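Colleague: from the sequence below, what's the structure:
(chains A and B)
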Amino acid sequence: MKTIQILGSGCANCQRTYDLFARTAQEQGVEVDIQKVEDIAEILAMGVMSTPGVVVDGTVVHSGSIPSHSQVVSWLDA
Amino acid sequence: MFTWLADNLVYGALDLTEGDRFADALHFFVMDTTKIFFLLVVVIYAMGLLRALMSPERVRAYVRGKPPWLARTLAITLGAVTPFCSCSSVPLFIGFVEAGIPLGVTFSFLIASPMINEIAVVLLIGILGWELAFLYVAAGVVVAWVGGMAMEWFRAERWVEDYVWKIQMGEAQPPPVDKSWKGRHRFAIAEVKEIVRRIWKWVVIGIAVGAAFHGFVPGDWVTTYLGAQGNWLAVPGAVLLGIPLYANATGIIPVAEAMLGKGAAVGTTLAFMMSVAALSLPEILILRKVIRWPALALFAAVLAVAFILVGWTFNLVT
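Modeller: Model (predicted):
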């Protein structure tokens, strides 16, 4: 099972990104563990400065905006 | 083209009389809505195709370790083409500090980034003409430069929260980028959607306020109080009024258009625009997570004073 981490200190865009992942995972029938990382020190420790950021199994794949639906699908499938 | 459309819709299809207050306001609204959204989509799409947008991570990498004058110049110019959501200002601030970038340079970036951006510049050129666009950008650069210097001069680092100094930032490989035209097109479309979704409300509110101003505020009142021969207190008044008001730089342009159209002075209008775009309470309060109250108050005061000086200067020379 994949672990997805959404990085962001509780802003509206971070919440939207989280919802997008939850919805897409359900729609694709993929089981994932989605976590929110809100601690600023942890976010920076992963090298991300612009939120929301997306981490898939420990690798930063995206930062600075809400990803598109097709991007989310590709991360969930890969 | 946009005037033609608005003429036909308001005076033609709806059969309203030209010169009527409501009709004039509606005409302004229709013309600006179509024109601004057209320009927005074109600019954002073009920038998306070029993929010229910088990320704050890259700015940090370029600015770190540079001599102060170069660091500040880079921070301001890169700040102008780097979009970042205001909710990112905290991690950004810490990331810059962690890279050893001087605090004053970080503040210069934080001032320049919301105030000057390619979207606002294109809209300014399209709606108010390139002279005003140039003045706005020049004033923004000066304010960002001087504002950052002033924060340094007041030794703002003594008010930075202790935990900020202890954070260690990791290195992440930037995610791979699809450079084919198809990928660029997809990226550009996504950018258009994302940015328009984020700012359309501000733009519509801005146009509505501009339209109301255009249709209902009497020209005499504007020339008396906001005109070039008006009261010197108009500039500080405009700046103070702009502090609680928040809109992004794009949304304030139609308001400025209406103000100028009615004979408001250039300096007063510029000061108001900058105050609304770059000095807003919610944005400053977010920074409370990294700096203590004295620094926040100082930051707001430095910006307000800078905007007032800009306003007075332009009112004197134009």
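Colleague: which positions in chain A make contact with chain B?
Modeller: Counting by Cβ under 8 Å from any Cβ of the partner chain, chain A comes close to chain B at A:8-9, A:11-14, A:40-41, A:43-51, A:60-66, A:68, A:70. Quick note: C-beta positions are derived from backbone N, CA and C, even for glycine.
Colleague: quick one, which of the residues you listed are buried?
Modeller: Listed as buried from the residues of chain A next to chain B are A:8-9, A:11, A:13-14, A:40, A:43-44, A:46-51, A:60-66, A:68; burial here means 16 or more other Cβ atoms under 10 Å in any protein chain shown.
Colleague: related to what we said a few turns ago, now, which of the residues of chain A next to chain B lie within strands?
Modeller: Judged by DSSP state E, the residues of chain A next to chain B include A:60-63 as members of strands.
Colleague: now, the most widely separated pair of these?
Modeller: Within these, A:Val61 and A:Ser63 form the most distant pair, 8.6 Å apart (Cβ to Cβ).
Colleague: before we move on, back to that, out of the buried ones among the residues of chain A next to chain B, list just those in helices.
Modeller: Counted as lying in helices by DSSP state H, out of those, are A:13-14, A:40, A:43-44.
Colleague: my guess is B:Ile111 contacts B:Ala144, does it?
Modeller: Yes: counting by Cβ atoms under 8 Å, B:Ile111 touches B:Ala144, with 4.2 Å between them.
Colleague: now for these two: what residues contact both?
Modeller: Here B:Ile111 and B:Ala144 share the contacting residues B:Gly79, scored by Cβ atoms under 8 Å, 6 or more residues apart in numbering or on different chains.
Colleague: who does the longest helix belonging to chain B touch, helix- and strand-wise?
Modeller: Among the segments of chain B that qualify as a helix by DSSP H, the longest is helix B:181-216. The contact analysis (3 or more Cβ pairs under 8 Å, 6 or more residues apart in numbering or on different chains; DSSP states H and E) places helix B:181-216 against helix B:21-50, helix B:252-261.
Colleague: tilt between the first one and helix B:181-216?
Modeller: Taking axes from the mean of the first three to the mean of the last three Cα atoms, to 10 degrees, one finds helix B:21-50 and helix B:181-216 inclined to each other by 160 degrees.
Colleague: go through helix B:21-50 and flag the buried ones.
Modeller: B:23-36, B:39-40, B:43-45, B:47-48.
Colleague: give the next helix or strand downstream of that helix.
Modeller: helix B:56-63 (DSSP states H and E).
Colleague: ditto for the last one
Modeller: Note on helix B:252-261: by DSSP H and E, the next helix or strand toward the C-terminus is helix B:266-278.
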